[in-house]
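**Q** I would like to see how this sequence folds:
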Amino acid sequence: MSYQTVIGLEVHAQLLTNSKMFCGCSTKFGQQPNSSACPVCLGMPGVLPVMNAKAVELALKVALATNCRIAPHSIMARKNYFYPDLPKAYQISQFELPLAEKGWLEIEAAAGPKKIGITRIHMEEDAGKLLHEGVQNGSHVDLNRCGTPLIEIVSEPEISSPEEAKLYMQKLRDILDYLEVCDCNMEEGSLRCDANISLKKPEAKSLGTKAEIKNMNSFRFLQRALEYEEKRQAAELEAGGKIIQETRLWDSNRGITVSMRSKEEAHDYRYFPEPDLVPIEPDPAWVEQIGSVLPELPDAKKQRFIAQYGLPDYDAQLLTGSRALADYYERCAAKFSDYKQVSNWVMGDLAYHLKQDNRGIVNCPISPENLAQLLDLMKRNVISGKIAKTVFEEMYAGGKEPQVIVKEKGLQQVADESAIEKIVDGIIAGNPQAKIDFQAGKQHALGFLVGQVMKASKGKANPQMVNKLLQEKLKA
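**A** Coordinates of the predicted model:
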């Protein structure tokens with residue numbers, strides 16, 4: 001029996017503000033536990049929260065970029081529940097009247113472009129964090145994160161596969177990155193995702209019973225967890241069993257989801273309007289001004305890269321995957337006009353070295369201008385392609401300009417035909433069998449001799465000239 005998979009994602013993104021949602025405490029990650037918490041964070045008697053206008057502005061940016069309708073009137077609400085990392089015993093959030101609703105974003109699904117609806121975007125404050133490492137028979141509580149501004153982006157249940165869920169999450173990450181509203185660091189928890197998944201028979205009118213999966217801190221884990229849960233629920237239904245509405249955790253070590261707690265009945269959070277905060281009523285002129293300065297977003301940039309630089313779809317997709325990478329490419333392309341060559345080096349050698357060092361493009365030791373200079377040296381035959389690789393390694397290790405490295409190490413390409421001819425004559429004389437093989441139609445012999453000449457010249461000989469001279473002399 002076949003089933004249809006129905007997935008909805010709830011994505012929490014920490015907003016890039018210097019201070020918290022309702023107080024002046026720092027939001028900087030990695031501070032000493034409980035060193036960035038004040039009476040407002042802790043909900044002490046008599047304190048009053050004050051809304052962070054920058055947080056509202058960043059939330060509005062996301063709403064506009066995801067085609068949402070911005071509410072002219074929204075309110076904050078108290079979400080009441082008890083947990084050790086929530087000192088107030090309530091979280092300031094939004095419920096009935098969120099900031100934005102009815103948006104969408106588009107993914108490149110297997111069958112082609114697909115729009116995924118966004119139910120709502122609402123603002124809220126983050127809770128603290130329980131620390132378990134190195135603690136026996138208990139947990140420590142770090143309240144530094146309390147009050148950090150968040151937005152929750154809730155999708156419609158229109159995602160049909162684990163692969164689509166990953167694509168949606170990646171697209172959302174890219175938009176947040178381009179808007180510079182979140183650092184999108186899933187490992188540090190600044191971008192988090194809960195996934196709701198259920199199965200239903202194709203002819204069924206209503207959705208099946210869902211399970212919510214938490215504890216996924218990477219795109220790969222999101223996809224793997226949903227794939228496992230898809231199979232688990234299908235096997236349970238096939239065996240005549242019943243799916244229980246519950247919260248499950250992803251165990252990445254075992255590659256399975258495990259039950260955390262039952263959710264047969266929805267939690268009653270007893271929401272009520274936050275009495276200490278006024279409603280949010282964005283001035284239309286302010287919203288228009290925010291929309292007017294939105295950056296070029298990933299989809300638009302990708303299409304422009306294809307049109308302006310003549311890049312294949314694959315190259316454009318990778319290069320526009322992050323705003324910083326796209327900016328790096330464009331700065332390099334502004335100095336060197338062989339755009340495909342720039343793309344090849346950025347996606348090839350540069351990407352490889354950055355991955356090996358676990359570095360982002362913003363920490364790249366080679367500036368876009370220096371990479372462009374390296375490619376120009378190669379184009380003008382000052383250095384060969386092989387030498388360019390050596391120079392690149394030196395640039396990456398020390399950050400020097402390519403011209404300096406070439407001069408210091410004497411790596412200029414030998415383009416003097418008489419000098420190369422002497423090397424070619426010596427190689428042919430020392431390898432008579434290769435000449436016989438070439439004249440017998442064995443083309444690999446030419447490649448062998450080219451390699452020997454390049455080796456003898458320490459990679460400095462002009463490859464085109466080497467090929468030309470060898471062929472002339474071998475045919476003689």
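
**Q** what about the longest helix in this structure?
**A** helix 219-238 (DSSP state H).

**Q** what residues sit buried inside that one?
**A** Across helix 219-238, burial judged by 16 or more other C-beta atoms under 10 Å covers 219, 221-230, 232-234, 237. Glycine gets a C-beta too; all of them are placed from N, C-alpha and C.

**Q** show me what it is packed against.
**A** Packing partners of helix 219-238 (3 or more C-beta pairs under 8 Å, 6 or more residues apart in numbering; DSSP states H and E): helix 162-179, strand 191-200, strand 211-216, strand 246-251, strand 256-262.

**Q** can you rerun that using 10 Å?
**A** Counting contacts by 3 or more C-beta pairs under 10 Å, 6 or more residues apart in numbering; DSSP states H and E, helix 219-238 packs against strand 4-14, helix 162-179, strand 191-200, strand 211-216, strand 246-251, strand 256-262.

**Q** export those to JSON lines and tack on mean neighbour count, distance to G103 and mean pLDDT?
**A** Shown next, in JSON lines, are these (neighbours: other C-beta atoms under 10 Å; distance: least, C-beta to C-beta, whole Å; pLDDT from 0 to 100):
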{"stretch": "strand 4-14", "mean neighbour count": "21", "distance to G103": "13", "mean pLDDT": "96"}
{"stretch": "helix 162-179", "mean neighbour count": "22", "distance to G103": "11", "mean pLDDT": "96"}
{"stretch": "strand 191-200", "mean neighbour count": "22", "distance to G103": "17", "mean pLDDT": "95"}
{"stretch": "strand 211-216", "mean neighbour count": "21", "distance to G103": "22", "mean pLDDT": "88"}
{"stretch": "strand 246-251", "mean neighbour count": "18", "distance to G103": "26", "mean pLDDT": "92"}
{"stretch": "strand 256-262", "mean neighbour count": "13", "distance to G103": "29", "mean pLDDT": "87"}
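
**Q** the lengthiest strand in the chain pairs with which strands, and in what direction?
**A** Ranked by residue count and defined by DSSP state E, the top strand of the chain is strand 112-125. Sheet pairing here is set by DSSP bridges, and for strand 112-125 it gives strand 100-109 (antiparallel), strand 149-155 (antiparallel).

**Q** give the rounded mean pLDDT of the last one.
**A** Spelled out, that is strand 149-155. The average pLDDT for strand 149-155 rounds to 98.

**Q** now the lowest-mean-pLDDT helix or strand in the chain: buried residues?
**A** Here the helix or strand of the chain ranked lowest by mean pLDDT, DSSP states H and E is helix 463-475, holding a mean of 80. Neighbour-count burial for helix 463-475 flags 463, 465-466, 469-470, 474 (criterion: 16+ other C-beta under 10 Å).

**Q** want to try JSON lines for those residues, with distance to Q443 as columns?
**A** Formatted as JSON lines, those follow (distance: C-beta to C-beta, whole Å):
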{"residue": "P463", "distance to Q443": "16"}
{"residue": "M465", "distance to Q443": "19"}
{"residue": "V466", "distance to Q443": "15"}
{"residue": "L469", "distance to Q443": "17"}
{"residue": "L470", "distance to Q443": "12"}
{"residue": "L474", "distance to Q443": "11"}
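
**Q** the nearest residue to D142 once chain neighbours are set aside: what's it in contact with?
**A** The shortest distance from D142 to any non-neighbouring residue, by C-beta to C-beta, 6 or more residues apart in numbering, is to P33 (4.0 Å). By C-beta atoms under 10 Å, 6 or more residues apart in numbering, the residues touching P33 are 128-129, 131, 140-144.

**Q** what's the answer for D142, then?
**A** Each residue near D142 by C-beta under 10 Å, 6+ apart is listed here: 31-37, 85, 128-131.

**Q** only whichever of those are buried, select them in ChimeraX.
**A** Buried subset of those, written as a ChimeraX selection, criterion 16+ other C-beta under 10 Å:
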select :36,37,85,128,129
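
**Q** and which of the contacts of D142 is nearest E330?
**A** Nearest to E330 among those, counting by C-beta to C-beta, is Q31 at 35.5 Å.

**Q** what about the closest residue to the closest one other than its chain neighbours, how many neighbours?
**A** Using C-beta to C-beta, 6+ apart and skipping residues adjacent in sequence, the residue nearest Q31 is N144, 5.7 Å away. Burial of N144 is recorded as 24 neighbouring residues (other C-beta atoms under 10 Å).

**Q** local confidence estimate at N144?
**A** 95.

**Q** against L354, how distant is it?
**A** Counting by C-beta to C-beta, to the nearest Å, the gap from N144 to L354 is 30 Å.

**Q** okay, domains of this protein per the record?
**A** 4-286, 296-409, 417-475 (automatic domain parsing).

**Q** and the shortest one, how far apart are its ends?
**A** Using C-alpha to C-alpha, to the nearest Å, the gap from the first to the last residue of domain 417-475 comes to 18 Å.

**Q** can you check stretch 268-280 too?
**A** Taking C-alpha to C-alpha, the first and last residues of stretch 268-280 lie 25 Å apart.

**Q** pLDDT below threshold where in this structure?
**A** 1, 263-267, 413-416, 476 (pLDDT under 70).

**Q** now the phi/psi pair for L374, please.
**A** phi -60, psi -50 (degrees, to the nearest 10).

**Q** count the neighbours of it for me.
**A** Burial of L374 is recorded as 25 neighbouring residues (other C-beta under 10 Å).

**Q** contact partners for it?
**A** L374 makes contact with 332, 336, 345, 366, 383, 388-389, 391-392, 395, 401-403, 405-406, according to C-beta under 10 Å, 6+ apart.

**Q** and which of those residues is nearest to S19?
**A** Ranked by distance to S19 (C-beta to C-beta), those are led by I366 at 35.6 Å.

**Q** residues in contact with the closest one?
**A** I366 neighbours (C-beta under 10 Å, 6+ apart): 328, 332, 345, 349-350, 353-354, 374, 392, 395-397, 399-402.

**Q** how about it, secondary structure?
**A** What DSSP: H, G, I helix; E, B strand; the rest coil gives for I366 is coil.

**Q** how many residues are close by D376?
**A** The burial count for D376: 16, using other C-beta under 10 Å.

**Q** how much space between the closest residue to it other than its chain neighbours and G360?
**A** Spatial nearest neighbour of D376, chain neighbours left out: F336 (5.8 Å); criterion: C-beta to C-beta, 6+ apart. From F336 across to G360, the span is 22 Å (C-beta to C-beta).

**Q** before we move on, what about G24?
**A** 30 Å.

**Q** which single one of the contacts of P33 is nearest to G46?
**A** Nearest to G46 among those: L143, at 18.6 Å, using C-beta to C-beta.

**Q** I'd like the next helix or strand past the host helix or strand of D437.
**A** Assigning secondary structure by DSSP states H and E places D437 in helix 432-439. Note on helix 432-439: by DSSP H and E, the next helix or strand toward the C-terminus is helix 444-456.

**Q** that following helix packs against which elements?
**A** helix 417-430, helix 432-439, helix 463-475.

**Q** tabulate the ones you listed (CSV), appending distance to G208.
**A** Shown next, in CSV, are those (distance: least, C-beta to C-beta, whole Å):
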stretch, distance to G208
helix 417-430, 73
helix 432-439, 69
helix 463-475, 63
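
**Q** hang on, the earlier thing: between the helices and strands packed on helix 219-238, which one is closest to Q452.
**A** Q452 lies closest to helix 162-179 among the helices and strands packed on helix 219-238, at 47.8 Å (C-beta to C-beta).
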